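**Q** give me the fold of what follows.
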Amino acid sequence: MTGSAPGERWCASCGRRIEWRTKWERDWDAVRHCSAACRRRGVRPVDRELEAAVLRLLAARAPRSTVCPSEVAREVAGDDGWRELMEPARRAARRLVVAGEVEITQAGRVVDPSRATGPIRLRRGPDWGHQPS
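**A** Next up is the predicted model:
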């Protein structure tokens, strides 16, 4: 397999696709983070709280309805301090995309969460409601 990229993998912290690097060839199975920053940050309790808020808000809406990451951030932090949770809310959404629970959309179309920039919306994904065994 010298130099060839193995199967896809997603960062455990930010939910973005991990780009294959030749230096990881020998220990690809152990790679869990896309960068040193994600490895340091990890997944904190507030990140799990944001994931739960995404699922809670979507469960309270019609099946094809969407929520904005700012609604998720406000749900967790209230009206004060929600802006600081915007990027963590987007990371939480990307992790839920990897799990199949959520889809990220722009202009009503599903987009690649690793490449999406600008305003996004979140809606139920193909594995909505499936709990891992």
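
**Q** what's the following helix or strand after the lowest-mean-pLDDT helix or strand in the chain?
**A** Using mean pLDDT, DSSP states H and E, the weakest-scoring helix or strand in the chain turns out to be helix 36-41, at a mean of 83. In the C-terminal direction, the helix or strand that comes right after helix 36-41 (DSSP states H and E) is helix 45-59.

**Q** ok, and what's touching that next one?
**A** Residues outside helix 45-59 that contact it (CB atoms under 8 Å, 6 or more residues apart in numbering): 65, 67, 71-73, 75-76, 85, 88-89, 91-93, 95-96, 101-102, 122-124, 128. Where you see a C-beta, it was placed from the backbone N, CA and C, and this is true even at glycine.

**Q** domain boundaries for the protein, per the record?
**A** 6-42, 45-124 (automatic domain parsing).

**Q** could the ones you listed go into CSV alongside mean neighbour count?
**A** Converted to CSV, the domains of the chain look like this (neighbours: other CB atoms under 10 Å):
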stretch, mean neighbour count
domain 6-42, 14
domain 45-124, 17
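
**Q** least confident of those, on average?
**A** The stretch with the lowest average pLDDT out of the domains of the chain is domain 6-42, scoring a mean of 77.

**Q** can you pull out the helices in the protein?
**A** 36-41, 45-59, 69-77, 86-98 (DSSP state H).

**Q** fine by me, we can end here.
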